[in-house]
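> Sequence and predicted structure, then a few things I'm wondering about:
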Amino acid sequence: QVQLVESGGGLVQAGGSLRLSCAASGRNFSRYAMGWFRQAPGKEREFVATISWSGGSTDYADSVKGRFTISRDNAKNTVYLQMNSLKPEDTAVYYCAASVRYSHTEVASRGYDYWGQGTQVTVSS
């Protein structure tokens, strides 16, 4: 069982920055691919970013490339999402996810086994 707890969401003006954190329980965190997804009101959950077990590989949705950076600290069982140049369309609940089946990057939500409760990010124009 893996528990994920996100933090760092909030209200920010367009062009601003936020850093989300996701703290994971368990001893095998360093083996898991990790991902960030988001869900805006009235829309389906969508992929944002993913990182491999070592942090050596990452992948991003086209909508966030060049603005968001995913990273991880395996010693702290934590994955981060640095979000810069935020836009109103980035407003959503952001979810952290862990895949115990995959160690490399994974862009599909069905590839993840555990999810956090989500943290709200609101970008005002």
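Sure, I can see it.
> Any stretches of this protein with poor pLDDT?
Applying pLDDT under 70 to the chain flags no residue at all.
> Excluding chain neighbours, give the residue nearest to Q120 in space.
Closest residue to Q120 apart from its sequence neighbours, by CB to CB, 6 or more residues apart in numbering: G9 at 4.8 Å. Bear in mind the C-beta positions are built from the backbone N, C-alpha and C, glycine included.
> Same check on N74?
S30 (4.0 Å).
> So the one you found, which state does it fall into?
Following DSSP: H, G, I helix; E, B strand; the rest coil, S30 is assigned to helix.
> and what of the one 5 residues further on?
Under the three-state scheme (three-state DSSP), the conformation of G35 reads as strand.
> before we move on, back to that, around the residue nearest to Q120, count how many other residues there are.
18 (other CB atoms under 10 Å).
> before we move on, what about T50?
So T50, with other CB under 10 Å, has 27 neighbours.
> Settle this for me: it is touching V107, isn't it.
Yes. Taking contacts as CB atoms under 8 Å, T50 lies within contact range of V107: 5.9 Å.
> Sounds good, over and out.
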